[in-house]
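J.: My questions concern the predicted model and sequence given below.
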Amino acid sequence: MLPYSLDQIRNLALSVGLDDCAVVQAERLDDDAIFMDQWVDSGMAGNMDYLLRNREKRYDIRQLVPGAQLVIVGLLTYEHSGHDYHRAVKSKLYELERLLFPSLAENIQPEAVPSTQHIFCDSAPVLERSWAVKAGLGWIGLNHQFFHPILGSFVHPGELVLCDTIADYQSPIKMQSLCGSCRKCIEACPNHALGQPVWDARKCVAYVTHKCIVCQEVCPFNHHVN
Ligand code: SF4
Ligand code: SF4
């Protein structure tokens, strides 16, 4: 059992430069599995064939990391991520891991830690935004993006999966959507890819060219960035 409280873990995460962090029990994401199966099978995922593979690993992180008990979800804003967000997020999670497990600090290279496969950032079949939501860090907006109430949607989530528990674990309180009656992203989408009732990747410019962030730019929760 880890000798840290939830608050201590979050404070350590902030001390290594993550912008927010929360901890949640590793379990199967049943609701997300139902949604993803329906979405992929409806064809709205377009050519994202990788979503057809490793479905159970994607839905149940314990199949990806045997013995997983906790998922520490860290968020890093685009502003703090630099050009290589995978590296930036993972490097902060490695730092956090070495604080939680001081014996690992003796490793010369973070990558030399034997359990490298339990730190993820866009690098494995992990439903990262779902974990961020499950950890109580935010919600999925009507534009299909993850939103943190203060940081907005320009954030990268990463996960440190642990095979340990903590004494004061409490299930996070799921944050309700703060979209309210707003429909700005749906109205602004040039290709009408949103709101029917979900994101249709086949119509999304960003999915095809990676060059559209209109539905994030118009969002009131990102105005502090704009
Ligand atoms: S990224 Fe662009 S095309 Fe895709 S849903 Fe958002 S506004 Fe629409
Ligand atoms: S633009 Fe409005 S509806 Fe769309 S994600 Fe932002 S708050 Fe939600």
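T.: Perfect, I can see it now. Ligands and ions are numbered 1, 2, ... in the order given.
J.: Show me which residues of stretch 60-79 are buried.
T.: Residues 60-61, 64-65, 68-77 are the ones in stretch 60-79 that count as buried (16 or more other Cβ atoms under 10 Å). C-beta here means a position set from N, CA and C on the backbone, and glycine is covered the same way.
J.: Which pair of those residues spans the longest distance?
T.: Asp60 and Thr77 (29.1 Å; Cβ to Cβ).
J.: ok, so what distance separates the nearest residue to Leu12 once chain neighbours are set aside from Ser177?
T.: Computed as Cβ to Cβ, 6 or more residues apart in numbering, the closest residue to Leu12 that is not its neighbour in sequence is Leu99, at 4.9 Å. Using Cβ to Cβ, to the nearest Å, one obtains 33 Å as the distance from Leu99 to Ser177.
J.: Comparing those two, which residue is more hemmed in?
T.: Leu99 (17 against 13; other Cβ atoms under 10 Å).
J.: Would you tell me what helix or strand the more buried one is located in?
T.: Using DSSP states H and E, Leu99 sits within helix 85-100.
J.: ok, and what's touching the very next helix or strand once past that helix?
T.: Per DSSP H and E, the first helix or strand lying C-terminal to helix 85-100 is strand 119-120. Applying Cβ atoms under 8 Å, 6 or more residues apart in numbering, the external contacts of strand 119-120 come out as 90, 93-94, 97, 126, 128, 158-161.
J.: which is the next helix or strand following strand 119-120?
T.: Assigned by DSSP H and E, the successor of strand 119-120 is helix 128-134.
J.: pLDDT of that next one, averaged?
T.: Mean per-residue pLDDT for helix 128-134: 98.
J.: Now tell me which helix or strand of the protein has the poorest mean pLDDT.
T.: Scoring the helices and strands of the chain by mean pLDDT, DSSP states H and E places helix 205-209 at the bottom, with a mean of 76.
J.: near ligand 2, which residues of the protein show up?
T.: 141-143, 179, 182-185, 218-221 (Cβ under 6 Å from any ligand atom).
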